[in-house]
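S.K.: Just the structure for this:
(4 chains)
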2 protein chains.
Amino acid sequence: MPKSYPAPARFPVTVDVVALTVSEDVLKVLLITRLIEPFRGALALPGGFVLAGEDLMTAAGRELAEETGVEQIPGYLEQLGSYGPKGRDPRGDVLTVAHLLLAPNFPVLSAGSDAEHAAWYPVSQVLEGELKIAFDHERILADALERAKSKLEYSPLGAAFCGEEFTIAQLRAVYEAVWGTRLDPRNFHRKATGTPGFLEDTGKMTTGDAGRPAALFRLAQVARPSAGQPTPTVLNPPLMRPRGDA
Amino acid sequence: MPKSYPAPARFPVTVDVVALTVSEDVLKVLLITRLIEPFRGALALPGGFVLAGEDLMTAAGRELAEETGVEQIPGYLEQLGSYGPKGRDPRGDVLTVAHLLLAPNFPVLSAGSDAEHAAWYPVSQVLEGELKIAFDHERILADALERAKSKLEYSPLGAAFCGEEFTIAQLRAVYEAVWGTRLDPRNFHRKATGTPGFLEDTGKMTTGDAGRPAALFRLAQVARPSAGQPTPTVLNPPLMRPRGDA
DNA sequence: TCAAAAGTGTTCAGCATACACCCATGT
DNA sequence: ACATGGGTGTATGCTGAACACTTTTGA
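M.R.: Numbering: from 1, shown residues only, chains lettered A, B, ... in the order given. Model prediction:
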């Protein structure tokens, strides 16, 4: 017999979701107002306890649906990382598995009167300290933002922020909002349309806006998150964000 | 009062460690022979249950030390991701948080007679199915390898596989083993020594080997994992791996 | 006719690649 | 002397950045 082992502890496990979207050219995160202790009344990432027999992704999707009132959440969901279990919840040791959702700007229903109030808040307001959020959620948000930034470089998931069909300018606005930089419209256009396996021309054009009509694109078949690969295809070459020197 | 919530389930949580090293120009992973059920007698990643009051990283380090007999494990440890809890352990729902260790080829002590037998095995043998490992550890290893490959591009952590001081050729061997490609020695030399914030010349030279003596380098101060940042500094420009077309 | 936004062409600099070549040691 | 590996110089092609310019709409 092997030596004796300490009794394995059992932990409550939560899933938290950092749902990001771009609206009005600003990167926003979905936050709820907590209705229960701890941090009652404070803002926090949507999330909750994993139930018996449930997988992490499933739990994340369920919590998100419960707290937004939206049945089928659009967008791309992936695991971000785990935090804890030590010293991050006043109730005791709770392990949380954070997830990242890149979504178009879906309308948040504040569901029933006894449900959480969910709304989109500018990410910058949280990370610059203007808006305080509960637990270690600010750190999780910071990690999520970093992940999202690099996702845009190496995967076609920038399009996950847009609707089904979008113009190159709309896509560029996403990149600019997430990266926090300005991009040259001409070079971005060439790069985005020239990257194989990224965009597909729908043949349709916008109309009614100021200026010349823009072509409408959709995400290429091979790049759809749902179509086979759980890991999205890699953009080759990547769409590179300007790297600060120094 | 908010609506009633289902009682949160509590889960046993394990940490698993994918410890990678390069020896004899081959990428190897540390595996143990399991002495207890389930999968008794099979090979598996080192790991075990997280104890009460313990953090994930701490648990990973502790398990690694226990199962290798090495007190202070050298190298760089980071979290990889979480798996489960559903349907990955015959004992029931167990959540595991996988970690990645990039380490020099430290000698594994098979500790006491009642301890696990740990040893280094070529990664390729596992991923090509010649060697079967327990649980969902093959998938975890595959994810770890992918992470390690990209770590080498964007961070100075290739040096984590080498000892304190190393030659450019030794470093190149690491890159070749992890990426599974051949690199031009001349261009690699220029790129590695030319990347700011990566290498520091010790002034010393090798001696006794065949051919011209090589200069010995160490990881630059700013790039040490322990020195401040938990996230290692980013290489800019990155050391790019050859990208397959198509 | 003008403003505004879409999209194309062109130039330039920097870097990855390939490879010729020289250097310094052991045998 | 010669083999072996370390390290430098240099030509070539690709691509990211900058920006002049044309196109197509609404007002």
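
S.K.: which residues in chain A form strands?
M.R.: Ranges of strands in chain A, per DSSP state E, are A:10-23, A:26-33, A:43-44, A:47-49, A:76-83, A:95-102, A:117-122, A:199-205, A:215-219.

S.K.: Name the residues of the longest one that come out as buried.
M.R.: By neighbour count on 16 or more other Cβ atoms under 10 Å in any protein chain shown, the buried set for strand A:10-23 is A:Phe11, A:Pro12, A:Val13, A:Thr14, A:Val15, A:Asp16, A:Val17, A:Val18, A:Ala19, A:Leu20, A:Thr21, A:Val22. To be clear about C-beta, it is placed using only N, CA and C from the backbone, and glycine gets the same treatment.

S.K.: now, which of those sits nearest A:Thr96?
M.R.: Closest to A:Thr96 out of the buried residues of strand A:10-23 is A:Thr14 (4.5 Å), distances taken as Cβ to Cβ.

S.K.: Return the residues in contact with the closest one.
M.R.: If a contact means Cβ atoms under 8 Å, 6 or more residues apart in numbering or on different chains, then A:Thr14 has A:Gly47, A:Gly48, A:Phe49, A:Val50, A:Val94, A:Leu95, A:Thr96, A:Val97, B:Pro8 as its contacts.

S.K.: And it, what's its pLDDT?
M.R.: On the pLDDT scale, A:Thr14 is placed at 96.

S.K.: what stretches of chain A score poorly on pLDDT?
M.R.: Scanning chain A for pLDDT under 70 picks out A:1-7, A:109-116, A:225-234, A:237, A:240, A:243-246.

S.K.: got the contact list for the closest residue to A:Leu56 other than its chain neighbours?
M.R.: Nearest residue to A:Leu56, sequence neighbours excluded (Cβ to Cβ, 6 or more residues apart in numbering or on different chains): A:Val97, at 5.3 Å. Residues near A:Val97 by Cβ under 8 Å, 6+ apart: A:13-16, A:50, A:56, A:60, A:79-82, B:82, B:95.

S.K.: 7 Å - rerun?
M.R.: Residues near A:Val97 by Cβ atoms under 7 Å, 6 or more residues apart in numbering or on different chains: A:Val13, A:Val15, A:Leu56, A:Gln79, A:Ser82, B:Ser82.

S.K.: For the second one, which residues are in contact?
M.R.: Yep, that's A:Val15 we're talking about. Contacts here follow Cβ under 7 Å, 6+ apart; on that basis A:Val15 touches A:Gly47, A:Gly48, A:Val50, A:Leu56, A:Ala59, A:Ala60, A:Glu63, A:Thr96, A:Val97, A:His99.

S.K.: please redo it, this time with the cut-off set to 6 Å
M.R.: A:Val15 sits next to A:Gly47, A:Val50, A:Ala59, A:Ala60, A:Glu63, A:Val97 when contact means Cβ atoms under 6 Å, 6 or more residues apart in numbering or on different chains.

S.K.: and A:Thr96, how many neighbours?
M.R.: Per other Cβ atoms under 10 Å in any protein chain shown, the neighbour tally for A:Thr96 reads 26.

S.K.: How much space separates the residue nearest to it when sequence neighbours are not counted from A:Ile140?
M.R.: In space, and not counting its chain neighbours, A:Thr96 is closest to A:Thr14: 4.5 Å by Cβ to Cβ, 6+ apart. From A:Thr14 over to A:Ile140 the distance is 11 Å, taken as Cβ to Cβ, to the nearest Å.

S.K.: Flag every residue of chain A that's near DNA strand D.
M.R.: By Cβ under 7 Å from any atom of the strand, the residues of chain A that approach DNA strand D are A:184, A:186-187, A:191, A:205, A:207-213, A:237, A:240, A:242.

S.K.: Which two of the residues you listed have the greatest separation?
M.R.: Largest separation among the residues of chain A next to DNA strand D by Cβ to Cβ: A:Gly208 and A:Pro237, giving 34.7 Å.

S.K.: Hmm, A:Asp93 is touching A:Pro85, no?
M.R.: Yes. Counting by Cβ atoms under 6 Å, A:Asp93 does reach A:Pro85; the two are 4.0 Å apart.

S.K.: any shared contact partners between these two?
M.R.: Listed contacts common to A:Asp93 and A:Pro85 are A:Phe11; contacts here mean Cβ under 6 Å, 6+ apart.

S.K.: okay, those two: which has more neighbours?
M.R.: Under the criterion of other Cβ under 10 Å, the comparison of A:Asp93 against A:Pro85 puts A:Pro85 first, with 26 against 19.

S.K.: Could I get the contacting residues of the more buried one?
M.R.: Counted by Cβ under 6 Å, 6+ apart, A:Pro85 has contacts A:Phe11, A:Asp93, A:Val94, A:Leu95.

S.K.: all helices of chain A, in order?
M.R.: Ranges of helices in chain A, per DSSP state H, are A:56-68, A:123-127, A:137-154, A:168-179, A:185-194.
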